[in-house]
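Q: give me coordinates for this.
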Amino acid sequence: MTSTSCPGCGHPLHTSASTSELCPACALSAAFDTDDSWREFFLPDGRARESRAAEGGPVEQIGPYQLVRIIGTGGMGLVWEAKQLFPVEREIALKVVRQGISASGLVERFDAERRSLAKMSHRGIVKVFEAGESESGQLYFAMELVSGIPLTDYCTEKKLSLHRRLELFLEAVLAVRHAHQKGVLHRDLKPSNILVSEDEEGRAFSKLIDFGIAKAVAEGNPDATLLTMPGQVVGTPQYMSPEQAGGGEVDTRTDVYGLGAVLYELISGSPPLPAERIASASTEEVLRMVREFEPERPSARMDRRGAGAARNRGAGGKGGHRWRRDLREELDWIALRCIEKDPERRYESVDGLVDDLRRYLDGSPVSARPPSRVYRARKFIRRNRLLVGSGLAILAALSTATVLSMRWAFAAEASRQLAETRLAQEDAVPEFLFKAFRHAGEFGDGTDLLALDVLRQAEKDVAIEFAEQPLIRARLQESIGLAYQRLGREDLAAPILNSALTLFRGVPGNEEAAQRLALPTTSTMRASGDAETAVPSSEAEWHRREKALGEDHPDTHRARLEYCRNMLEAAYWNDELRDGCLRQVDAVLNGVLQAPDRFPQAKVREYEAVAAQLAAGRGDHATALAFWDAEMDKLFLEGRARGNGRFWSGTFHVAALRRNGRLEEATAAAESLVLHCREFYGRQRGDTATATRYLAGVYAMSGSRDGAYLVCQMLQPEPDEQVDPLFVEGLDQLAQWSEQLGIAGSQRTRLQDLVAEMKSGEPRATPEATGATVGRRAEILFWLAELCWARDRR
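A: Numbers count the residues shown, from 1 in each chain. Sure thing, here's the model as predicted:
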C-alpha cells in the first residue's frame, strides 16, 4: 500500500488505487452533488473546516475571470463571484470543477448541467455565457450573476399584496415551463431557488436558479438539501414530491408539486410540511412524512395562525379576513391540486397551473376544484387498508351501505322533496359514501360477494328507491357507472352513465355535473364499440363548451379531442363513414395545429397524437410511426414511462411498428408493454388483456412458432381463479387451430389436455359474475387464431 492524498481536499489516503481516487467524503459529495457537510462524518475534528478553506484559497484568476469570493459549493465544484476582464467587463458567476473530479467519472454530469442551462433562453432563468478549461485542466463555465433574496422573504419584507405575490410567482412558473419545453426538470424548487431582484427603476422580477448547479453557502440554512442512500433521493423535504421521497421516477409533475409547495408557503406563511414536524425526525421518518402527511388547506393554516399572521406576511391593503377569504375560495384549490400525493391528480403540466393563476389574477373562474368527499374516502382507505378489508368487501359495503343509509336518512325527513334539495346542496351523497368507507370493516370480509353482482343489484335498487328523486338517482348512477368503467365493463358503464347525464341535464342548476360526466359517457360509448353514437354527443358537448368557455379553454380542448377520437374510431369500423370522418378530423386539426402558439404545449401534443392516428387511418403509416417513435422517446426521457400514458402511447407504437413491417421491433415493444401492464395494473385488468392482444397480433404476423403458446400461458387462469365457459370455448378454438398456428407438438398436447380438463369440470362462475377479463381473454384467443389462419391461407 502507498500513502497518497485526496485530490479533492488533500486529506491523506491509504490505498492501492491510483493517486486520483477521492477520499470517502469527496466521493460521497461528488456522487450526490451535496454540500461539504458529509466531511464532518469522515474527517477528524477541525479537518473539514481546514480542507474547505484550503480548497477555496489558492487560485486568483482563471482565464479572463478574476475571482472575488466563493458564493456557492456543490459536490462537483465551487461557484465564485468573479469579474470578467475581457473582451467585456462584467460581473459573473463562475463554476469551477474540483481538482481530481475527473477521476470519479462525473465530468459528464458537469457538462450536462452546462448544456441544460445553455439550451434555455428565458428572462427568468440564469444565463450561461461561456464554457472552457483552465491552464491547469479545470473545467469551468461562466454564467449570469444573480443577486436577490428568496421569493417568500422578499414578499414579507416588502409587505406585498396577494395579487402582487402571485404575479412574481407566475414569473417563476413561466420560467419552469420554458425549462420543461427544453426537456429540463428542476427537481429542487423552493423559495431560496426563486430569487427576486429589482431593476434600476425599482421594478421587481423573479429569477430561477440552481438547476443542480450549486448549493448555497449559508450557516443554518433552513431548507438544506436532504440526501439519502441507496436510492439517491435528492431534494428538500418541505418541498419534495412523494415520488422523489420514494426514490421513484419523476417527471414534469414533480416540478408542479414543488411549485405548489412554494405557492402554499407564499400565501399561508409556511410550507405544507411544517418545519417543526421534521426538526427532530430521522431521515426515514422525514421521507415517510413527505409521502403520507396530508396538509390542511392554506386558508385553514392561516386561520390557525391567526388573523395577525396574514398582516405580518404582508397583506398590503387587504385585511386578514379578505386575505383568508381569497384563499378559501380559489387559491386553496390551486395549491392543493399542485401538491396532490398522486401525480395523476395534479395539473397535467405547468401549463395548467399557468392558466389557473392567470384566471385568478383576471378574476375569472379557475379549473381547479376542491377534492370531493369520495376522493377523501379513497385516501382514507389507502391509509387504513386493514380496517376496510378486501377490495370486494369495500365495494359491497359501498353499494349496500349507501342505499341503506340514504333510505334511513330519508325516512327521518318529513318531506322527501326537502331531503333531495338538502342532499343536492350539501353533497350528502359523497358524505354517505365516506361513512360507508369509514365503517367498511363492520360488514365482514365479503370475499363471497362479487363486485359485479353488488353493482348490478345496486343499480336496480337505485332505480326503484329514487325513482321520484332524479338528482340523487343521477349521482348514484354516476358512481355505479364509473365503478363499472374501472372494472373494464364499458358495455355496462355506457348506458347507466348516459342515463345519469340525461337526468343531470333535466334538473336546472346542474350544468357543472352534466359537463363533468359528458366526456366519460362518450368515452365509455367508444370503448364499448358504439363510437357512432358517441360522435354527435361529443360534438354537441364540444360546441357547448366552446360557446360557454371559449375555444382556448382547457375543458374545450378536452371535448374537441374527445370528438376527434370518436370520429377516428367510427371511421375505423365503418367504411361508409370513413372518408367523411377523416375529412372532419383533418379540418379540426388544421384549425389547431396551424396556430400552435395559441394553445398549451401539452394540448398541442395531444392534437399531434390525433394527427398521427389520422395519418394511420389514411394509410400513411410512416408518418404515424415517426410520431409514436418520438413520443415513446419523450416518455422515457421525461420519466413518464409508467401508467396510462405508457399504455396508451405503447399500443399505438406497437401498431405503427407492425403496419410498417418492423415486426422484430414490434415484438420487443409489445412484450415490454405487456410486462409493464402486468406489473402496473395486474394481470386481471382489461388494459393488460388489451396489451396481450397486441402481442398476440405481432406473434401471428411474424409467424413465431412458440408465440401463440406463450400468449396462452399468459392468459391461463391461476389455480384458484374463476373461469367461465366463454374462456374455455376460446381456448378450445385455439387448440383446434394449434397445428396451423405452428405450436410445437408437446405444447399442442398440453393445450388440448388443458381444454379437456376444463370441459370435464363444472364451470366455476358465469361471465356476468367475473367481469370482462375472461371475455377479453377469449377474444384474444379467437383473434389470434383468425390472424394465424388467415396468414397460412395466404
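
Q: only C-alpha atoms for contact and neighbour calcs from this point on.
A: Noted.

Q: flag the shaky bits of the stretch 51-200 of the chain, pLDDT-wise.
A: For the stretch 51-200 of the chain, applying pLDDT under 70 flags the ranges 51-59, 73-77, 98-117.

Q: mind listing the strands for it?
A: 61-62, 65-73, 77-84, 90-97, 128-133, 139-144, 149-150, 194-198 (DSSP state E, counting those that start in this stretch).

Q: next: the stretch 551-700 of the chain.
A: Under DSSP E, counting those that start in this stretch, the stretch 551-700 of the chain gives no strands.

Q: and the strands of the stretch 51-200 of the chain as CSV, adding mean neighbour count?
A: Conversion of those to CSV gives the following (neighbours: other C-alpha atoms under 10 Å):
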stretch, mean neighbour count
strand 61-62, 16
strand 65-73, 19
strand 77-84, 23
strand 90-97, 23
strand 128-133, 15
strand 139-144, 21
strand 149-150, 17
strand 194-198, 21
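
Q: rebuild the ones you listed as JSON lines, extending it with distance to residue 584.
A: Converted to JSON lines, these look like this (distance: least, C-alpha to C-alpha, whole Å):
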{"stretch": "strand 61-62", "distance to residue 584": "63"}
{"stretch": "strand 65-73", "distance to residue 584": "57"}
{"stretch": "strand 77-84", "distance to residue 584": "57"}
{"stretch": "strand 90-97", "distance to residue 584": "55"}
{"stretch": "strand 128-133", "distance to residue 584": "47"}
{"stretch": "strand 139-144", "distance to residue 584": "50"}
{"stretch": "strand 149-150", "distance to residue 584": "51"}
{"stretch": "strand 194-198", "distance to residue 584": "46"}
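
Q: and those: which comes nearest residue 678?
A: Nearest to residue 678 among the strands of the stretch 51-200 of the chain is strand 194-198; the distance by C-alpha to C-alpha comes to 41.4 Å.

Q: which other helices and strands contact that closest one?
A: Helices and strands touching strand 194-198, by 3 or more C-alpha pairs under 8 Å, 6 or more residues apart in numbering; DSSP states H and E, are strand 149-150, helix 151-158, strand 204-208.

Q: can you list these in CSV and add distance to residue 332?
A: Formatted as CSV, those follow (distance: least, C-alpha to C-alpha, whole Å):
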stretch, distance to residue 332
strand 149-150, 22
helix 151-158, 18
strand 204-208, 23
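
Q: looking at the ones you listed, which is buried most?
A: Of all the helices and strands packed on strand 194-198, strand 204-208 has the most neighbours on average by mean count of other C-alpha atoms under 10 Å, namely a mean of 22.

Q: and it, C-alpha only, in CSV?
A: Extracted C-alpha coordinates of strand 204-208, given in CSV (Å, rounded to 0.1, in the frame of the first residue of the first chain):
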residue,chain,number,x,y,z
ALA,A,204,-39.2,43.6,-9.0
PHE,A,205,-38.6,40.4,-11.1
SER,A,206,-38.0,36.8,-10.2
LYS,A,207,-35.2,34.6,-11.4
LEU,A,208,-35.0,30.8,-11.2
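
Q: for it, packing partners?
A: If you count contacts as 3+ C-alpha pairs under 8 Å, 6+ apart, strand 204-208 packs onto helix 162-181, strand 194-198.

Q: quick one: contacts of that strand?
A: Defining contact as C-alpha atoms under 8 Å, 6 or more residues apart in numbering, one finds that strand 204-208 is touched by 123-126, 146, 151, 168-169, 171-172, 175-176, 193-199.

Q: what do you get if the cut-off is 10 Å, keeping everything else the same?
A: 122-126, 146-151, 154, 164, 167-176, 186, 189-199 (C-alpha atoms under 10 Å, 6 or more residues apart in numbering).

Q: show me how to select, in ChimeraX, the buried members of those.
A: This is the ChimeraX syntax for the buried subset of the contacts of strand 204-208, where burial follows 16 or more other C-alpha atoms under 10 Å:
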select :124,125,126,146,148,149,150,151,154,167,168,169,170,171,172,173,174,175,176,186,189,190,191,192,193,194,195,196,197
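
Q: can you show me the helices along the stretch 251-400 of the chain?
A: 252-268, 275-278, 283-292, 298-305, 307-312, 320-326, 332-338, 350-362, 373-383, 385-388, 391-411 (DSSP state H, counting those that start in this stretch).

Q: comparing these by mean pLDDT, which bottoms out?
A: Sorting the helices of the stretch 251-400 of the chain by mean pLDDT places helix 385-388 lowest, at a mean of 40.

Q: of the helices and strands packed on strand 194-198, which approaches residue 94 most closely?
A: strand 204-208 (16.9 Å).

Q: quick check: mean pLDDT across that closest one?
A: 91.

Q: got it, and stretch 470-483?
A: On average, stretch 470-483 scores 84.

Q: dump it to CSV, keeping only the CA atoms.
A: Output in CSV follows, covering the C-alpha atoms of stretch 470-483 (Å, rounded to 0.1, in the frame of the first residue of the first chain):
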residue,chain,number,x,y,z
PRO,A,470,-83.8,12.3,-10.2
LEU,A,471,-80.8,14.2,-8.8
ILE,A,472,-80.0,11.6,-6.2
ARG,A,473,-80.5,8.9,-8.7
ALA,A,474,-78.2,10.6,-11.2
ARG,A,475,-75.4,10.9,-8.6
LEU,A,476,-75.6,7.3,-7.6
GLN,A,477,-75.8,6.1,-11.2
GLU,A,478,-72.7,8.2,-11.9
SER,A,479,-70.9,6.4,-9.1
ILE,A,480,-72.0,2.9,-10.3
GLY,A,481,-71.2,3.7,-13.9
LEU,A,482,-67.7,4.8,-13.1
ALA,A,483,-67.2,1.7,-11.0
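
Q: ok, and for it, which residues are buried?
A: The neighbour-count check on stretch 470-483 (16+ other C-alpha under 10 Å) flags 470-483 as buried.

Q: with distance to residue 337 and secondary structure as added columns, please give those in TSV.
A: Formatted as TSV, the buried residues of stretch 470-483 follow (distance: C-alpha to C-alpha, whole Å; DSSP: H, G, I helix; E, B strand; the rest coil):
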residue	distance to residue 337	secondary structure
470	31	helix
471	27	helix
472	27	helix
473	29	helix
474	26	helix
475	23	helix
476	25	helix
477	26	helix
478	23	helix
479	22	helix
480	25	helix
481	25	helix
482	22	helix
483	23	helix
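
Q: you'd agree residue 482 is up against residue 494?
A: Yes. Using C-alpha atoms under 10 Å, residue 482 makes contact with residue 494 at a distance of 9.2 Å.

Q: how is this structure divided into domains?
A: 2-144, 149-209+221-369, 372-506, 529-619, 623-794 (automatic domain parsing).

Q: returning to that earlier point: out of the helices and strands packed on strand 194-198, nearest to residue 355?
A: Closest among these, using C-alpha to C-alpha: strand 204-208, at 18.8 Å.

Q: between the buried residues of stretch 470-483, which is nearest residue 88?
A: Using C-alpha to C-alpha, residue 482 comes nearest to residue 88 of the buried residues of stretch 470-483, at 64.7 Å.

Q: put the alpha carbons of stretch 236-254 into CSV.
A: These are the backbone C-alpha positions of stretch 236-254, laid out as CSV (Å, rounded to 0.1, in the frame of the first residue of the first chain):
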residue,chain,number,x,y,z
THR,A,236,-35.6,19.5,0.1
PRO,A,237,-38.0,17.7,2.4
GLN,A,238,-40.6,20.5,2.8
TYR,A,239,-40.8,20.9,-1.0
MET,A,240,-40.1,17.4,-2.1
SER,A,241,-42.7,15.4,-4.0
PRO,A,242,-43.8,11.9,-2.7
GLU,A,243,-42.3,10.2,-5.7
GLN,A,244,-39.0,11.8,-5.0
ALA,A,245,-39.2,10.7,-1.4
GLY,A,246,-39.9,7.1,-2.6
GLY,A,247,-36.9,7.1,-4.9
GLY,A,248,-39.3,6.6,-7.9
GLU,A,249,-39.4,8.1,-11.3
VAL,A,250,-40.0,11.8,-11.7
ASP,A,251,-41.5,13.9,-14.5
THR,A,252,-42.8,17.4,-15.1
ARG,A,253,-45.5,16.9,-12.4
THR,A,254,-42.7,16.7,-9.8
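
Q: what residues sit buried inside that stretch?
A: For stretch 236-254, by 16+ other C-alpha under 10 Å, it's 236-245, 247, 250-254.
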